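> Curious how this folds, go ahead:
(one chain, ligands or ions: 1)
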Amino acid sequence: MTEYDIAVIPGDGIGPEVVEAAQAVLAECETRYGLTLNYTTYDFSADLYRRTGRKITAADMDEIGMRDAVLFGAMGLPDVRGPEGLELGAQVEMRAHYGLFSSLRPVRLFPGVDGPLKAEKVDMLVIRETSEGMFAGLADEHEPSDESASDRMTITRATSEKLFDVAFSQARARRKRGTPGHVTLLHKSNALRSNVLLEKVFDEVAARNADIGSAKYYIDAGSMYMVTDPGRYDVIVSENIFGDIVSEVAAGLVGGLGVAPSADVSLTHGVFQPSHGSAPDIAGQGIANPTAMILSAAMMLEWLGERRGDDLATRIAHAIQGAVESTLAIGPRARDLGGSAGTREVTDAVISALPPQV
Ligand code: ATP
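A predicted model of the protein is given here:
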């Protein structure tokens, strides 16, 4: 019997809509395959903060962190700012609290989905560092004023080593299903001191993983290759802000944010959320594409299965991925992919495409 305790944070905007869709798919998996998921739902959101001033605390995160994994919708609204003037979401706090240092964002051009390029094959995993760099929220020694404000980019050897270890082991795991087994670092060591260290540590880790090919490009040239020649990439690894940007470029290559899942993981904790934000422009209309969230739920089961040696969880994850793939191929198709189906219709199609057994 496969049983897990899952913390659910639906969040803002389309977050609750896509989380409901993912839970509907998971509920069907519970019925069909002998999986049990015990949910505890937490109502943290930018909207709650606006109404009550309540935001997630360290004690909340301690409690949430006792569950086996976190299923997270999307948090943040453009007009809700925290005390420092930044958009309010629990992602940054959870990354720091749980030591989530890597965000895994697989993108694959599924049959039936038109990407913006002529490329027939896009199949890459973007790994973004998420605890350091400019998003670490490290205050600069100068207080921001109306005249000047700054952010600091700090990169450490310890985190970089862990990050590159993840990148090479992911490349090795992907190779089992036919990808080349190759890691590319995107960086800017010709202009940023922090990136000189990043590149140095990458070279060291690459030398220890000589069975996996590796390459390095400056972030500017590497971004161009993503568009002109995406087939050269298997696993891409980068620091926090560059990784944030290139993971959205990668999502754009395969049909957009609606189909791009992500997993924020440390060696002990995992938060699974779509790459997209709360999309307030389409919230409440029942038209959000649930695919990214459903694939994030599949990544959660895959991660749990790997950690626990639970083959059933892994097989269920693959069944969900297969059901999504066949739905993308034959429809119905959500609006962001050029179709007219709403969230519920896409979700129902994924559920119908699940195999009777795994
Ligand atoms: P954040 O900074 O919080 O990640 P963002 O600025 O990247 O957010 P999103 O909220 O992700 O913005 O939305 C970007 C665009 O993509 C919006 O036009 C939104 O409607 C669209 N979008 C995002 N997610 C989906 C989805 N699941 N289905 C359809 N459209 C989506």
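> Quick one: classify the residue located most distally from the centre of the chain as helix, strand or coil.
Residue farthest from the centre of the chain, counting by C-alpha atoms, centre = their mean, is residue 147 at 35.5 Å. With DSSP: H, G, I helix; E, B strand; the rest coil as the basis, residue 147 sits in coil.
> Tell me how far it lies from residue 83.
21 Å (C-beta to C-beta, to the nearest Å). No exception for glycine: its C-beta is placed from N, CA and C like everyone else's.
> where's the nearest residue in space to residue 245 that is not next to it in sequence, which helix or strand?
Spatial nearest neighbour of residue 245, chain neighbours left out: residue 223 (7.7 Å); criterion: C-beta to C-beta, 6 or more residues apart in numbering. Using DSSP states H and E, residue 223 maps to helix 219-228.
> And that helix, what's buried?
Of the residues in helix 219-228, 219, 222-223, 225-226 count as buried by neighbour count, 16 or more other C-beta atoms under 10 Å.
> and residue 95, backbone torsions?
phi -60, psi -40 (degrees, to the nearest 10).
> for the one 10 residues further on, same thing?
Backbone geometry at residue 105, expressed as degrees, to the nearest 10, gives phi -130, psi 90.
> Please report the distance of it from the ligand.
12 Å (C-beta to the nearest ligand atom, to the nearest Å).
> What of residue 156?
25 Å.
> That residue against residue 133, yeah?
No - with contact defined as C-beta atoms under 8 Å, residue 156 does not count as touching residue 133 (10.3 Å).
> higher neighbour count, these two?
residue 133 (26 against 14; other C-beta atoms under 10 Å).
> Let me see the contact set for the residue nearest to residue 245.
Residue 223 makes contact with 186, 245-246, 249 under the criterion C-beta atoms under 8 Å, 6 or more residues apart in numbering.
> Also residue 57?
Contacts of residue 57 by C-beta under 8 Å, 6+ apart: none found.
> Name the SS class of the residue of the stretch 101-250 of the chain found nearest the ligand, please.
Distances between the stretch 101-250 of the chain and the ligand by C-beta to the nearest ligand atom are smallest at residue 248, namely 6.7 Å. Secondary structure, three-state DSSP: residue 248 is helix.
> residue ranges with poor pLDDT in the stretch 1-150 of the chain?
For the stretch 1-150 of the chain, applying pLDDT under 70 flags the ranges 1, 137-141.
> repeat that for 80
For the stretch 1-150 of the chain, the stretches with pLDDT under 80 are 1, 82-89, 119-120, 135-143.
> what does it have sitting close to the ligand?
Counting by C-beta under 6 Å from any ligand atom, the positions of the stretch 1-150 of the chain adjacent to the ligand are 14, 18, 76.
> 8 Å - rerun?
Contacts of the stretch 1-150 of the chain with the ligand, taken as C-beta under 8 Å from any ligand atom, map to 13-14, 18, 74-76, 78, 87, 89.
> Just the buried ones from those residues?
13-14, 18, 74-76, 87, 89.
> Let's see which of those end up in helices.
With helices taken from DSSP state H, the overlap with these comprises residue 18.
> Looking at the buried ones among the residues of the stretch 1-150 of the chain next to the ligand, which is nearest the ligand?
residue 76 (4.7 Å).
> Now do the contacts for the closest one.
11-12, 46, 87-89, 277-278.
> my read: residue 82 touches residue 53, true?
No - between residue 82 and residue 53 there is no contact under C-beta under 8 Å: 10.6 Å.
> neighbour count winner among the two?
Between residue 82 and residue 53, residue 82 has the larger neighbour count (other C-beta under 10 Å), namely 14 against 7.
> Save the buried residues of helix 219-228 as CSV, and put in distance to residue 204 too.
Converted to CSV, these look like this (distance: C-beta to C-beta, whole Å):
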residue, distance to residue 204
219, 20
222, 20
223, 25
225, 24
226, 25
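> how many neighbours does the spatially closest residue to residue 330 that is not a sequence neighbour have?
Nearest non-adjacent residue to residue 330, counting by C-beta to C-beta, 6+ apart: residue 112, 7.0 Å away. A total of 15 residues lie near residue 112 under the criterion other C-beta under 10 Å.
> Now stretch 211-219: buried residues?
Applying 16+ other C-beta under 10 Å to stretch 211-219 flags 212, 214-219 as buried.
> Chain neighbours aside, what residue packs nearest to the closest residue to the ligand within the chain?
Distance from the ligand to each residue of the chain (C-beta to the nearest ligand atom) is smallest for residue 277, at 2.2 Å. Leaving aside its sequence neighbours, residue 277 sits nearest to residue 74 (C-beta to C-beta, 6+ apart; 5.2 Å).
> Just grab the bridge partners of that neighbour for me.
Beta-bridge partners recorded for residue 74 (DSSP bridges): residue 11.
> Now do the contacts for it.
11-15, 18, 273-274, 276-279.
> Give me the subset of these that lies in strands.
Judged by DSSP state E, those include 11, 273-274 as members of strands.
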